[in-house]
Structures are given as structure tokens and as C-alpha cells.
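Colleague: fold the stuff below for me.
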Amino acid sequence: MTASPDVPLPAASPAPAIDACFGRPPLVPGDDPSAYEALLGRVCAAVRPRDVIEEAWVRDVVDLLWDAVRLRRLRAALMTACADEGLQKLLTGLDYRADTYGLSRRWAARDLAAVGQVDTILNGAGLGLEHVMARTLRQTIGEVERIDRMIASAEVRRVAILREIERYRGAFGATLRRAAQEADVQEADFEDVPPIAPAGAAAPDARPAAAVA
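Modeller: Below is the predicted model of the structure:
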């Protein structure tokens, strides 16, 4: 989004001013504050907010971008955290007779003996870690779909805010152009006219009476 070249706008606001106006970033444990600040700086450089209204919108855009990134990260973390459930279901499907729950828990804790045992079982069935994660996805599909909907909602809201900034700038530019045009019309209404001479006085360009034949 760029402003119309014939419409001067105020200088862009730096990212620190946004933090000062709208408080601390909405970070949770596991978030990287420096990464958030870097994202805020890059969005500010791209959008270049011109006033406090646009600064508020930019902060919303950054927060929504950050939410989407966090949700994707948490979705992957959910799959990792529930991988033992997927493995247990997979082992049960392979008709493994031993303690599938205990083996899966030890495998998730990266017990070397359990990892080796699981690898042997999976290799014998022509399966691998990808099949474990596929079974894990089936176990967590409801949560994954809810996370995906949350990500989609954040992206829709982000696009809507950027469109609002564009409309706001367009309306602001149109207002300035209209004001400038009205000022030009008002100036054109004033015409230079010769000053009116006092009563009984000769006009400025009139010749002396003696010179008149």
C-alpha cells in the first residue's frame, strides 16, 4: 500500500512508539521477545503507520501474525507430545501382545532400549516414524482442526485490517485533495480590480485638464 504521490502524509512512526502506546506484547512462555520485536519492525517498515489509528491497526496485524505463527508451532508441539498415543494405537493394530502403554511411554521418554525395540517392531512391519505420526494425527484430529480454524480466523482478520488501513488512507487522501481543490476555487473567486478613486478626484490614469484640447 502506498499513498498517492500528490498527497503529503506525516512521517512514519517507529516501532518503539507502538510498544509505548499499546503496552507489552502479548507473549506467552516459549515465545521469543526479540523475534516479536523483529516482526513488529518489519511490518512497520512495510506499512509505515502515519498516525495513532494506523499504529493501532499495525499492532493488531502483528499480534495476529504472531498468533498464527504460535498456533502452528503449538500444533506441531501437540503432535509431538501425543506421539506416544499414536504409537500405542499403532502397536495395538499390529497385534503387539506386550504392554503397549508402557512401551510407548518409555519410547516417548527416549529410553534407548524402548526406542530400539520400537524400531525393530516397526521395521518388521515395514513401517516407520511417519506412520506413528499419521496415527497420532488421527488421535488429535479434532484439536488440530480447531487450531487450523483459529489460524484461518487470525489470517482473515489480518487481511481485513490491512484493507481498513488502505481504505483509511484512500479516504484521507481524497479529503486532502478535495480541500486543496476547494481552496483553489476560493482563490480564483478573488480578482484584481483597480482601486476606487475618492469622490471628485481624477482617475489615476486621467490627464491634467490643461492638456485637454
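
Colleague: make it CA atoms for all contacts and neighbour counts henceforth
Modeller: Noted.

Colleague: per-residue pLDDT, the closest residue to R135 other than its chain neighbours?
Modeller: In space, and not counting its chain neighbours, R135 is closest to G86: 4.7 Å by CA to CA, 6 or more residues apart in numbering. We note a pLDDT of 96 for G86 in this prediction.

Colleague: and G86, what does it touch?
Modeller: Residues in contact with G86, defined by CA atoms under 8 Å, 6 or more residues apart in numbering, are V132, M133, A134, R135, T136, L137, R138, Q139.

Colleague: nearest to A179, of these?
Modeller: Distance to A179, by CA to CA, is smallest for L137 among those, at 59.6 Å.

Colleague: centre of the chain to the helix or strand the closest one falls within, how far?
Modeller: Under the criterion DSSP states H and E, the helix or strand holding L137 is helix 129-188. On the basis of CA atoms, centre = their mean, to the nearest Å, helix 129-188 sits 7 Å off its chain's mean C-alpha point.

Colleague: that helix packs against which elements?
Modeller: Other helices and strands packing on helix 129-188, by 3 or more CA pairs under 8 Å, 6 or more residues apart in numbering; DSSP states H and E, are helix 52-81, helix 83-93.

Colleague: what angle sits between that helix and helix 52-81?
Modeller: Computed by axes from the mean of the first three to the mean of the last three CA atoms, to 10 degrees, the angle separating helix 129-188 from helix 52-81 equals 180 degrees.

Colleague: just the angle between helix 129-188 and helix 83-93, please?
Modeller: Between the axes of helix 129-188 and helix 83-93, defined by the same axes, to 10 degrees, the angle is 140 degrees.
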